[in-house]
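J.: mind folding the following:
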Amino acid sequence: MTINTLNDVFYTVIKRQHDRVALTRRPEGWQPIASQQLEAWVHATAHKLQSWGIGKGDRVAILSENRPGWAIADFATLLVGGIVVPIYATQTAEQCLHILQNSGSKVLFVSTQQQLEKISAILPLTQVERVIVMDEAHGRKDVVHLGELLHEATLGPDAEIESIARSIQPHDVATLIYTSGTTGPPKGVVLTHGNIASNLNMTQHLVPMGVGDLCVSFLPLSHITARHVDYLLYHLGVTIAYCLAFDTLPQALQETRPTVFVGVPRVYEKVSNQVQMKAKGAKKHIVNWALRVGRKHRATILAGRRPDALAWKLANRLLFSKLMENMGGRVRLFCSGGAPLGIDLANWFADVGIPIYEGYGLTETSPVIALNVPASHKIGTVGKPLENLELRIAQDGELLVRGPSVFTGYWQMPEETAAAFEDGWFKTGDIAQIDDEGFLSIIDRKKDLLKTSGGKLIAPQPIENALKANMFVAEAAMLGDRRRFPAVLIVPNFPALEDWANDHGIPTTSREVLVQSEKVRSLYQSIVDELNGNLAQFEKLKKILLVANELSIADGTLTPSMKLRRRKVEERYKEEIEALYRESEAKAGVVSARR
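T.: Below is the predicted model of the structure:
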């Protein structure tokens, strides 16, 4: 079914009359939400927005974790012609202020009393006139409680709201999504109904799923990838189980037993690391043997077949099936997006019997540009481009895109909008290659390429991803731009490192003490030495800066979508990096930061 606007997605859900459109976690267990119930809730919320004067072009912000209330607020705003402005639940009050002020949002949905308290002080500085709280907000009479509003909802169609919703056109703006801001303040990406709908029209035919399938929604809906996925799930009839917090994901997987899993590389890294961390003693020998067996049958798995070999069946019984059980036991389709997966991690999962279908896109492209699917899959690439997009590689290697899903511009930023295009082609900022079979590979972000003082260009992401495939590495940031040689800053995976340290009699009284240990330094030197064996001479990492503090969204070293803010990392550890490069190049080794 062709989607013209996002309101078509909502009415497709309603017409299906599905008794399990979504699942929400209550103290008594997972409770289903039927399409009729969703219809009533959305219409009631749309009427409330309408009563406040919200109509076509008005901005409505959502500050919330993933939950049914997010979808209700989203659909209700779209039905009355409003523009949805998502805000990451993890963002600070100051970051929220920038988005609310810049967007000129009139209404704000917040999830909890804690979120409300976070932004209460900055609300007078914004144009927000009304606040709706999804949970109870005790003692607050100045807000509307979504629960009370939904309690008054009545079942059945609503001709008035549907008439408004059907009048919305593909060229009308649907959402402003603020970029993560890896460089400079976040910019509001303007996406129309037609932008996102055109993208959904292409992906709905590529991914084999529908009624009877179930997927856990845990990636932040403030990110376009998760938003696109949930629209697609709703449209195809896949039941969505909302997971409010990432740390409850393992429980949600066990309880809901999804058939489709969409994650980001960080999630897959955690799964791989947990397997490696638990592999001790005799179990380690079994795991290593099973992985060797899996490696021999990697091509069969990637071709979508189950190996017939007796050794593989035994490895599956001893290891692979247990890993699948940890994911709920029923997942038949694994997808990854939001950041580069890395060939080492993709290979590891193929070796345990799981092909991961990686895709690629940007907020500005609604988001999907290319996608691996079961019918057309090539590991190490991000798949073939969607058929309604044109791709071109510029002389400097940058990927240029044009097509119906490319955004209309940045909100109230004409100069930045003009700079984002070249003769009508959107400049993605990514260095890419397209092979003879038409598969797209992303090399790195153009702005992240390192150029040594000797003039050698290095793409850091593949090297960083290779390091993060090791269970002892949580984060890696390559250094060396305009320097004599490349180096790397490493944040250890401290749970794994502390287990290893205990086994080797190394004190774990503090992380600062731990990274100063000579044995720990030797461990990380051996990890880098192994990687260096696969790198060109000019790429080899000469120095390691081992740091004791994790990177985080709060300190600005990670974006809300968990991407590395390279410049912020370099700024935070400027003194240590300068000291590292003052030492002789010949003296390769590990340096530990005390903070």
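J.: CA only for contacts and neighbour counts going forward, please
T.: Fine.
J.: kindly export the longest helix along the chain (C-alpha atoms) in CSV.
T.: Ranked by number of residues, the top helix in the chain under DSSP state H is helix 35-51. As requested, C-alpha coordinates have been extracted for helix 35-51 and formatted as CSV (Å, rounded to 0.1, in the frame of the first residue of the first chain):
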residue,chain,number,x,y,z
SER,A,35,-6.0,-0.6,17.2
GLN,A,36,-9.4,0.7,18.4
GLN,A,37,-7.8,1.8,21.7
LEU,A,38,-4.9,3.5,19.9
GLU,A,39,-7.4,5.3,17.6
ALA,A,40,-9.5,6.6,20.6
TRP,A,41,-6.4,7.8,22.5
VAL,A,42,-4.9,9.6,19.5
HIS,A,43,-8.1,11.3,18.5
ALA,A,44,-8.7,12.5,22.1
THR,A,45,-5.2,13.9,22.2
ALA,A,46,-5.6,15.5,18.8
HIS,A,47,-8.8,17.2,20.0
LYS,A,48,-7.0,18.6,23.0
LEU,A,49,-4.2,20.0,20.8
GLN,A,50,-6.9,21.5,18.5
SER,A,51,-8.6,23.1,21.5
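J.: what mean pLDDT does that helix have?
T.: Across helix 35-51, pLDDT averages out at 97.
J.: and what of stretch 131-143?
T.: Stretch 131-143 comes out at a mean pLDDT of 85.
J.: can you list the buried residues in that stretch?
T.: 131-134, 137 (16 or more other C-alpha atoms under 10 Å).
J.: wait, what's in contact with residue 393?
T.: 399-400, 432-433 (C-alpha atoms under 8 Å, 6 or more residues apart in numbering).
J.: please, where are all the strands along the stretch 101-250 of the chain?
T.: 107-110, 130-133, 144-145, 173-178, 188-192, 214-217, 239-242 (DSSP state E, counting those that start in this stretch).
J.: closest to residue 231 out of those strands?
T.: For residue 231, the closest of these is strand 239-242, at 10.2 Å, according to C-alpha to C-alpha.
J.: lowest-confidence helix or strand of the protein?
T.: Least confident helix or strand, the chain: strand 589-592 with a mean of 76, by mean pLDDT, DSSP states H and E.
J.: could you chop this structure up by domain?
T.: 6-168, 449-592 (automatic domain parsing).
J.: mind listing what the nearest residue to residue 37 once chain neighbours are set aside touches?
T.: Take residue 37 and drop its neighbours on the chain: the residue closest to it by C-alpha to C-alpha, 6 or more residues apart in numbering is residue 155, 6.8 Å away. Listed by C-alpha under 8 Å, 6+ apart, the contact set of residue 155 reads 36-37, 39-40.
J.: could you do residue 149 as well?
T.: Shown in contact with residue 149 (C-alpha under 8 Å, 6+ apart): 44-45.
J.: thought residue 462 was touching residue 443?
T.: Yes - with contacts counted by C-alpha atoms under 8 Å, residue 462 reaches residue 443, the gap being 7.5 Å.
J.: for the stretch 251-400 of the chain, which segments count as helices?
T.: For the stretch 251-400 of the chain, applying DSSP state H, counting those that start in this stretch gives helices covering 265-278, 282-296, 298-302, 310-315, 321-326, 343-351.
J.: weakest of the ones you listed in terms of mean pLDDT?
T.: Across the helices of the stretch 251-400 of the chain, the lowest-scoring stretch is helix 265-278, with a mean of 90.
J.: show me where the stretch 1-150 of the chain has its helices.
T.: 6-16, 35-51, 68-79, 93-103, 113-120, 146-151.
J.: using JSON lines, please lay out the domains of the chain together with distance to residue 196.
T.: What follows is the domains of the chain, written out as JSON lines (distance: least, C-alpha to C-alpha, whole Å):
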{"stretch": "domain 6-168", "distance to residue 196": "8"}
{"stretch": "domain 449-592", "distance to residue 196": "20"}
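J.: lowest average pLDDT across those?
T.: domain 449-592 (a mean of 90).
J.: what sits against the closest residue to residue 550 other than its chain neighbours?
T.: Once flanking residues are discounted, residue 550 sits nearest to residue 491: 6.1 Å by C-alpha to C-alpha, 6+ apart. Shown in contact with residue 491 (C-alpha under 8 Å, 6+ apart): 473-476, 546-551.
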